[in-house]
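>>> Sequence and computational prediction follow.
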Amino acid sequence: MADQQGGAIQRRAVLKGAAAAAAGTAVAGLAAGEAEAAPAGHVPPSCTAPPARNFPKVGGNYGNQNYSSLTRIQRGNLRRLGGAWVNRIEGGLTSGTNQSTAVAVDGVLYIESAPGNVHAVDGVTGVTRWTYTQTRGTLTRRGVAVGQGLVFTHGAGNWLIALDQATGAVVWERQINDYGNMEKVAVTYHDGLLHVGTHDGDRGAALAVNAADGELVWHFWGAPGPGELGNDTWEGDSWRTGGATPWMHPALDPELGLVYWTFGNARGSRSSQDGSLRGGANLFSSSIVALEIGTGKYRWHFQSIHHGIWDMDNVMAPVLADVRIRGRMRKVVVYGSKSGMYFILDRTDGSAPLGIDERPVPQDARQKTWPTQPFPRQGPWTEQRVVDQPLGTAVPGDPNRAVPNYVRGRLYDPHWDVPVLTTPGHGGGACWNAQSFSHSTGLVYTGFGYVAAAHSLTESSNGLRPPGEYQTGGVVAVDVSTNTVRWKRRMPYSLAHGNGILTTAGNVAFIGQPDGNLLALDAENGRELWRFQCGAAISSSPIMYEAGGEQYLAVYAGGTGIPYGDSAPRGDLLWAFKLGGIVPPAPTPRPPVVRRPVSGGPVEGAAVGNKVVLARTWNATTGQVGTVESTAVNAMAPTHLRVPAGTTVMFVNPPDNVNAHSATQFFEGLFDFRLEPGQSATYTFTRQGEYFFNDSFSPRPTGKIEVY
């Protein structure tokens with residue numbers, strides 16, 4: 001079904017009965033571009049006006065454009081850009097989850113650390129002015145809000161905390177229960193309200209809270225209950241555990257009076273990959289919803305994935321822009337994209353000025369799959385099918401290729417008990433990384449990941465990133481006026497998890513990597529212009545501000561665990577840079593392990609007779625081999641065998657196993673043993689390196705031979 005107007009037709013397809021009538025009334029009651037009258041004497045700020053000397057919120061402006069109009073730092077003088085100062089805000093912390101982006105207001109930077117502390121740092125000297133020490137537990141943080149003389153942060157247990165902007169003293173604390181967990185979503189301040197999202201629960205909601213005292217003003221559920229718009233798109237009581245939580249902060253258009261929330265994937269009582277008990281489109285999972293700022297009243301929505309069973313939820317912070325499309329200026333919202341596709345929507349009514357098609361997709365009645373999924377007419381900006389690359393070809397080769405023995409699928413192929421490997425996976429495409437719209441180029445930029453995922457009912461959580469696969473990525477720049485790729489640059493690391501992009505009027509795009517390097521790319525073509533080692537993985541967005549007559553670039557290098565686990569170097573380094581800065585780069589940390597690791601630590605071959613037992617679990621704590629046949633991920637015993645070069649390793653299928661099992665070595669293709677119960681085979685490793693192998697009976701069990 002061709003969808004000429006995008007959201008309007010899609011709404012009619014998935015909202016039925018009273019819900020459809022309610023949706024139609026909400027949209028029809030407001031003409032495109034019309035906004036309710038603002039209070040007398042109040043001029044709403046433009047959501048697309050770029051910040052200048054300040055970077056007052058996560059995302060830069062209400063449109064989340066992550067763009068700075070400052071021009072002093074530009075392509076022609078990057079060779080002079082150096083460290084102005086560095087502040088180890090926690091005194092040398094080397095652990096934790098550090099996803100917080102700083103904000104800069106009147107020459108002061110405000111940032112949360114991994115323990116949940118809030119620091120106010122002088123933007124000129126780098127000296128800490130005050131610290132609020134968290135008393136309510138460590139949380140995952142993505143940024144504070146600043147407004148009406150206060151700094152707003154979270155505390156564990158669903159607490160909102162308001163601090164005095166000048167001193168860090170607590171002004172008020174408010175606990176808001178019954179709407180899900182609050183911690184990861186950056187707080188957004190606007191006109192006396194705090195916009196807060198909840199997550200990691202059976203249901204999640206968008207909340208608006210009075211900034212003066214923390215009192216809840218309104219809420220909007222991602223999975224609506226009985227009597228609420230969209231509830232009839234959930235089978236029975238499946239809405240109760242439907243997920244559909246917001247993971248990232250919203251965008252706001254004060255002139256239209258709208259706030260734009262993105263809601264995450266549907267979950268369900270058993271798994272996010274199991275749709276068998278929650279028939280229907282499952283609104284407002286995998287959706288962007290426009291709500292009235294003051295009341296939370298629904299205005300329009302667009303669902304990018306109906307009845308999702310893949311955790312491909314497109315829940316990045318939406319980006320607002322004013323662009324010319326086919327000769328007409330349009331107010332648009334750029335939405336996406338875990339799926340590797342951007343949906344360009346008119347932010348007044350949710351229509352699609354460039355066209356979105358509802359296309360038939362493969363079905364599985366057991367999963368109650370939805371018959372169609374939306375695709376932008378211009379196509380994706382990354383692959384939607386894993387590369388079937390033969391064993392024995394170049395290593396690393398194509399990082400987007402399939403690990404062997406899995407069923408290969410394409411985006412939106414259904415699954416059941418057999419794992420189906422697809423890309424972008426739930427850790428591929430873009431994820432919680434902040435995207436950027438450049439006023440200079442008219443392009444929207446994002447980092448992304450090549451991290452395929454295997455989906456089945458038995459995979460834990462939201463899918464399996466197969467051990468042994470290469471986890472790389474890139475940066476893509478897309479023309480918003482046409483939704484077509486202007487340039488794409490492959491990078492050595494996945495850049496989908498907190499690695500936000502800042503673009504500037506100097507035509508530079510800044511992005512941090514998990515190896516600690518902050519990069520400057522030419523915003524016109526992606527060419528690397530500059531890099532600086534910050535000493536720890538960067539899982540936040542760079543910002544730019546002006547203070548004391550200087551213009552600064554700043555970034556927080558702290559690191560997080562997805563997708564590289566503990567191999568991503570951690571830290572607590574808040575950096576600022578300026579032209580003529582003389583603070584030298586940090587020592588280069590050990591880079592992240594790019595290949596997905598196997599389960600369990602290394603075992604010396606001599607300790608186990610240089611033998612690997614197939615289809616038996618390995619207990620890394622006790623060193624014991626399991627007693628029953630298994631297809632678990634750790635069903636190579638041991639999973640990580642470490643031997644010197646020249647060692648002959650034996651692979652054994654125990655005689656009391658029922659099935660034949662194999663050891664398929666990838667990607668070098670050194671061996672592919674298929675062993676009946678009681679059989680064994682050997683291979684002599686002559687060259688140093690790491691050699692992964694899995695099982696053709698079930699690809700989940702994966703082992704590695706480390707040769708030294």
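Right, received. Where do you want to start?
>>> from here on, contacts and neighbour counts on C-alpha atoms
Fine.
>>> how about the strands in the stretch 151-300 of the chain?
With strands called from DSSP state E, counting those that start in this stretch, the stretch 151-300 of the chain shows them at 159-164, 170-175, 188-190, 193-197, 205-210, 216-221, 251-253, 258-263, 287-292, 298-303.
>>> Pick the most buried one from the ones you listed.
strand 258-263 (a mean of 28; mean count of other C-alpha atoms under 10 Å).
>>> who does that strand pair up with?
Strand 258-263 pairs in its sheet with strand 251-253 (antiparallel), strand 287-292 (antiparallel), by DSSP bridges.
>>> Could you check how far Glu255 is from Arg401?
With distances taken as C-alpha to C-alpha, to the nearest Å, Glu255 is found 46 Å from Arg401.
>>> With Gly463 instead?
17 Å.
>>> Who has more neighbours out of the two?
With neighbours defined as other C-alpha atoms under 10 Å, Gly463 and Arg401 compare such that Gly463 has more, 26 against 21.
>>> OK, contacts around that one?
Gln273, Trp310, Asp311, His426, Ala453, Ala454, His455, Ser456 (C-alpha atoms under 8 Å, 6 or more residues apart in numbering).
>>> one more time with 7 Å
Gly463 makes contacts with Ala453, Ala454, His455, as judged by C-alpha atoms under 7 Å, 6 or more residues apart in numbering.
>>> low pLDDT regions in the stretch 1-150 of the chain?
1-45 (pLDDT under 70).
>>> please redo it, this time with the cut-off set to 50
Scanning the stretch 1-150 of the chain for pLDDT under 50 picks out 1-44.
>>> That one: helices as residue ranges?
With DSSP state H, counting those that start in this stretch as the definition, the stretch 1-150 of the chain shows helices at residue ranges 7-14, 17-28.
>>> Quick check: the gap between Pro399 and Ala452.
From Pro399 over to Ala452 (counting by C-alpha to C-alpha), the distance is 10 Å.
>>> What count of nearby residues applies to Ile681?
Actually, residue 681 is Ala. It isn't Ile. Ala681 sits with 16 neighbouring residues when counted by other C-alpha under 10 Å.
>>> wait, is it part of a strand?
Yes. Assessed with DSSP: H, G, I helix; E, B strand; the rest coil, Ala681 lies in a strand.
>>> residues contacting it?
Residues near Ala681 by C-alpha under 7 Å, 6+ apart: Met650, Phe651, Val652, Phe673.
>>> Apply 8 Å and report the result again.
Met650, Phe651, Val652, Phe673, Leu675.
>>> Same check on Ala114?
Ser95, Gly96, Thr97, Asn98, Gln99, Thr138, Leu139, Thr140, Arg141.
>>> can you rerun that using 6 Å?
Contact analysis of Ala114 by C-alpha atoms under 6 Å, 6 or more residues apart in numbering lists Gly96, Thr97, Asn98.
>>> separation between it and Arg570?
From Ala114 across to Arg570, the span is 10 Å (C-alpha to C-alpha).
>>> cool, and Phe284?
Here Phe284 is placed at a distance of 36 Å from Arg570 (C-alpha to C-alpha).
>>> With Val480 instead?
When Val480 is compared with Arg570 (using C-alpha to C-alpha), they lie 35 Å apart.
>>> same thing with Ala681?
42 Å.
>>> May I have the phi/psi pair for Gly565?
For Gly565, the backbone dihedrals (degrees, to the nearest 10) come out as phi 60, psi -150.
>>> Pull out the buried positions in stretch 610-626.
Within stretch 610-626, the residues that count as buried by 16 or more other C-alpha atoms under 10 Å are 610-620, 625-626.
>>> Going by distance to Lys704, which of these wins?
Taking C-alpha to C-alpha as the measure, Lys704 lies nearest Val612 of the buried residues of stretch 610-626, at 9.9 Å.
>>> ok, the helix or strand hosting that closest one: who's next to it in the sheet?
Secondary structure assignment for Val612, by DSSP states H and E: strand 611-614. Strand 611-614 has the following strand partners under DSSP bridges: strand 636-637 (antiparallel), strand 647-652 (parallel).
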